[in-house]
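Novice: model the structure of this input:
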Amino acid sequence: ILLLGCTPDPPAAKKKPRDGEAALVDWAPVPLPLAAADRTAMADAIRRVDAAAASRPLPTLGGGAPAPDIAIVVLDTVRADHLGTYGYDRDTSPRLDAWAQGATVFTRAYADGPWTLPAHASMFTGLPARTHAARSVGLDDPRKGAPLAESFYTVPERLRDAGYRTLGLAGNRAFLDPAYGLSQGFDAWLCETLAEDSRGLGYNAADRLLPMATTAAASARRPTLLFLNFMDAHTPYKPRRGYVKDPSKLVRKVIPGNKGARKVVTSLLKGGALDPRVQGSWVEAYDSEIRFLDEHLGTLFEELSAFEYVFVLADHGEYLGEHGLVEHAKDVYEPVIHVPFMVKGPGYTPGRDNRMVQSHDLAWMVLEAAGLPVPPEVERTGEFAVSELHYTLKKDLTNKDYGARFNRVRRALVAGEHKLIVGSDGSRESYDLGVDPGELRPGAALEPPLDPLDAAWTAAHPETPLVPVGASAPEPSDEQLRALGYVE
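Specialist: As a prediction, this is how the structure comes out:
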């Protein structure tokens, strides 16, 4: 009898789940060697700041009182409408919300430009983007962006020259690189020179910046201007375990920063439909980054309690699929230009303030806080706000699939609840934000029309020529920019 046996097929290997709980990031603490390098860098920076300030007269207010310590905290890429203080109901910012209870909260704050470079330049100069000309560039310019010219006398320079210690600490290793001119006036600027994060981040995360920021705050033994930029809400998103409210909404491959996201983004920017599950995943991941940042802000605000003035604002917001857009620097709709702006200090009454303010208003506010004169060229927002975008980031402008969509200049003017958007390509949209906050119906009949106001503003603000190519320091490497999604 011949017995024949056969080996059964092995059971099919189960696919490892990649969504939901499996998409969560187990975030490691700051590695000890990296933390030690950061401590050394901050100690060296403080020595340089103190040495530079030692030869200056002690800044004082009228009557001889010491000038106040001033902190500027920029929440890079944080949308106003994703914070509890501005009405969001998903519990992203309890510590910031608690701090804001004692601050003036400007409810109608707008970015001068919907990305890092022009918005920060407006904060430091008090000027709109077309006047300071630190912005994105067209196809005929090989750069990723045009820097702020050295000829501008920035707010940090004015405070430094008045006797202040000035120290900057930035998470954005790309467009806050000194090559773009935003470090002017700081005795020390810690950003791209900090060691790279071995945990796979292209920016300096909040858990690294917080210890350095608290050390910097504690070192303020004479009047100090401390600038802090936190980058955590920017792509690539890291949905860390413990900070995601509903992990079931996460789809790992489409989260910005993961390989599969590029295909989805390209389809969307070409005019494709947005899958609600994809958008839900983006929102969940983005909100988790704000929660992570908020946890560190709670400790920061305790350390800044001795500072007489603390200004907290975002440079711009973020698209999460609205208007067929993602990230920022692509248009001038509300998700990227309506930003949080809060101030705590003498002369600022706790509560909500419905007056219009913009990025450039930070300049005169800081100068007044320091007891310094405000030059006439430093602008104050009146009854309307203007936000302008020249083209987009170079990686998108040169994209063969959708770049032509962004080869134009777009400008938004907001007056009360009315908004006008005009483009160099002849586009024109008008919205009544009171009844259409999502900007879904672009043909609102506005009375009075805003076109004459826009024409008068542009006539009063001729464009400043860009810093010529080759006339400034080399830009950051493509590796630095790629780590934050600025280069493909």
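
Novice: Leu225 against Arg158, yeah?
Specialist: No. Taking contact to mean C-beta atoms under 8 Å, the distance of 9.8 Å between Leu225 and Arg158 leaves them out of contact. (Glycine included, C-beta is placed from N, CA and C.)

Novice: more neighbours, these two?
Specialist: When neighbours are counted by other C-beta atoms under 10 Å, Leu225 comes out ahead of the other of Leu225 and Arg158, with 31 against 23.

Novice: now Asp112. Its backbone dihedrals?
Specialist: Asp112 has phi and psi values of phi -70, psi -30 when expressed as degrees, to the nearest 10.

Novice: verify the stated contact: it with Thr381.
Specialist: No. Using C-beta under 8 Å, Asp112 makes no contact with Thr381, being 9.7 Å away.

Novice: common neighbours of the two, please.
Specialist: Overlap between the neighbourhoods of Asp112 and Thr381 consists of 358, 360, taking contacts as C-beta atoms under 8 Å, 6 or more residues apart in numbering.

Novice: strands of the stretch 351-488 of the chain, start to end?
Specialist: When assigned using DSSP state E, counting those that start in this stretch, the strands of the stretch 351-488 of the chain occupy the ranges 351-358, 384-390, 409-415, 418-423, 428-432.

Novice: and for the residue lying closest to Leu250 once chain neighbours are set aside, the neighbour number?
Specialist: By the measure of C-beta to C-beta, 6 or more residues apart in numbering, the closest residue to Leu250 outside its immediate chain neighbours is Ala23, 3.9 Å from it. In terms of burial, Ala23 registers 24 neighbours under the definition other C-beta under 10 Å.

Novice: Lys245 versus Ala23, what's the distance?
Specialist: As defined by C-beta to C-beta, to the nearest Å, Ala23 lies at a distance of 13 Å from Lys245.

Novice: one more: Pro373?
Specialist: Shown here: Pro373 relative to Lys245, a distance of 48 Å by C-beta to C-beta.

Novice: tell me which of those two has more neighbours.
Specialist: Neighbours were tallied for Pro373 and for Lys245 using other C-beta under 10 Å; the higher tally belongs to Lys245 (13 against 9).

Novice: can I assume that one is in contact with Asp91?
Specialist: Yes. Applying C-beta under 8 Å as the test, Lys245 and Asp91 come out as touching, 7.1 Å apart.

Novice: can you give me the helices in the chain?
Specialist: Chain-ordered helices for the chain, with DSSP state H as the definition, fall at 32-53, 94-100, 116-125, 129-132, 155-161, 206-218, 261-269, 276-303, 334-337, 361-369, 394-397, 451-460, 478-482.

Novice: Asp112 and Thr381: which has the busier surroundings?
Specialist: Counting neighbours by other C-beta under 10 Å for Asp112 and for Thr381 shows that Asp112 has the greater number, 31 against 21.

Novice: excluding its backbone neighbours, what's nearest that one?
Specialist: Using C-beta to C-beta, 6+ apart and skipping residues adjacent in sequence, the residue nearest Asp112 is Ser122, 3.8 Å away.

Novice: am I right that that neighbour is in contact with Gly113?
Specialist: Yes. Taking contacts as C-beta under 8 Å, Ser122 lies within contact range of Gly113: 6.9 Å.

Novice: overlap in contacts of these two?
Specialist: Taking C-beta under 8 Å, 6+ apart as the criterion, Ser122 and Gly113 both touch 129, 359.

Novice: looking at those two, which is more packed in?
Specialist: Taking Ser122 and Gly113 together and counting by other C-beta under 10 Å, Gly113 has the greater number of neighbours (32 against 28).

Novice: contacting residues around the more buried one?
Specialist: Under the criterion of C-beta under 8 Å, 6+ apart, the contact list for Gly113 reads 119, 122, 129, 135, 316, 359, 387-389.

Novice: swap in 7 Å and give it another go.
Specialist: Contact analysis of Gly113 by C-beta atoms under 7 Å, 6 or more residues apart in numbering lists 119, 122, 129, 135, 387-389.

Novice: show me what the closest residue in space to Ala45 that isn't next to it in sequence is bridged to.
Specialist: Using C-beta to C-beta, 6+ apart and skipping the chain neighbours, the partner closest in space to Ala45 is Ala188 (3.8 Å). In this entry, Ala188 is beta-bridged to Leu167, by DSSP bridges.

Novice: what about the nearest residue to Lys245 once chain neighbours are set aside, how many residues close to it?
Specialist: The shortest distance from Lys245 to any residue other than its chain neighbours is 6.2 Å, reached at Arg90 (C-beta to C-beta, 6+ apart). Counted with other C-beta under 10 Å, residues neighbouring Arg90 total 15.

Novice: just give me the neighbour total for the nearest residue to Val487 once chain neighbours are set aside.
Specialist: What sits nearest to Val487 in space, not counting adjacent residues and going by C-beta to C-beta, 6+ apart, is Leu481, at 4.3 Å. Counted with other C-beta under 10 Å, the burial measure for Leu481 works out to 23 neighbours.

Novice: Leu481 against Lys394, yeah?
Specialist: No. Counting by C-beta atoms under 7 Å, Lys394 is not a contact partner of Leu481; they are 9.2 Å apart.
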